[in-house]
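Novice: mind looking at a prediction? Sequence and model below.
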Amino acid sequence: MTTEFAGAIDLEPALTADEIAYVRRLAGSREAALAWAPNRDGTGLRPRRGADVAACVAGLRHLIATMDRPGRFRGMVAAYDTETGAMVAVTAVRGRVTTRVLRKRPAAAERSNVVDLAARRRAVSRAIS
C-alpha cells in the first residue's frame, strides 16, 4: 500500500530547539516510531514518507498529549492511497485529532446496472414486456 500525503500541521508558537530535538528523538526510536517530521524552524509538522494513516494519527495524538500547549497544533493533512483510491483527512484543532473519510475505495462486489442487465437479459426482457 502506497500512501501520499498533502498538507501540514502548523505550530503556533513554533517549537523550541529542545522540542524539535524531542520530536526527532521520537522519530528515531524503535519503540515509538513517530510518523511526523518537524520543519527546520519548528513552525510545522509533515508526515514522513512510507507512514500509514493510523501511525500518523497515533503519533500526532501522542505529541499533543505530551507537549505543554496542545492548542498550538492546527492544520489538516490529506492521505491518499494510490492503490485503492481512498482519501482520508487528518485534522488537528484545539488539542484534538480527528479523521474523516473524504473518499472511500470502491467496493469489489459493486457492479454497474449495465453489467447486471447484460448478465440477466432474459429475465429483464420478460419483466419489461
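Specialist: Good, I have the coordinates.
Novice: so where is the chain shaky, pLDDT-wise?
Specialist: 1, 29-33, 70, 105-129 (pLDDT under 70).
Novice: can you check which helix is longest in it?
Specialist: What stands out as the longest helix in the chain, according to DSSP state H, is helix 53-66.
Novice: can you give me the buried ones in it?
Specialist: With burial defined by 16 or more other C-beta atoms under 10 Å, the residues of helix 53-66 counted as buried are 53, 55-57, 59-60, 63-64. C-beta: built from backbone N, CA, C; applies to glycine.
Novice: could you do stretch 13-27 as well?
Specialist: Using 16+ other C-beta under 10 Å as the burial criterion, the residues of stretch 13-27 that qualify are 15, 19-20, 22-23, 26-27.
Novice: can you name the next helix or strand after the longest helix of the chain?
Specialist: strand 73-81 (DSSP states H and E).
Novice: buried ones in that next one?
Specialist: By 16+ other C-beta under 10 Å, the buried positions in strand 73-81 come out as 73, 75-77, 79-81.
Novice: just the residues contacting it, thanks.
Specialist: The contact list for strand 73-81, computed with C-beta atoms under 8 Å, 6 or more residues apart in numbering, reads 1-12, 44-47, 53, 56, 60, 63-64, 86-95, 102, 105.
Novice: now do stretch 50-67
Specialist: Applying C-beta under 8 Å, 6+ apart, the external contacts of stretch 50-67 come out as 1, 3, 5, 9, 19, 23, 26, 32-36, 45, 47, 70, 73, 77, 79, 88, 90, 92, 95-97, 99.
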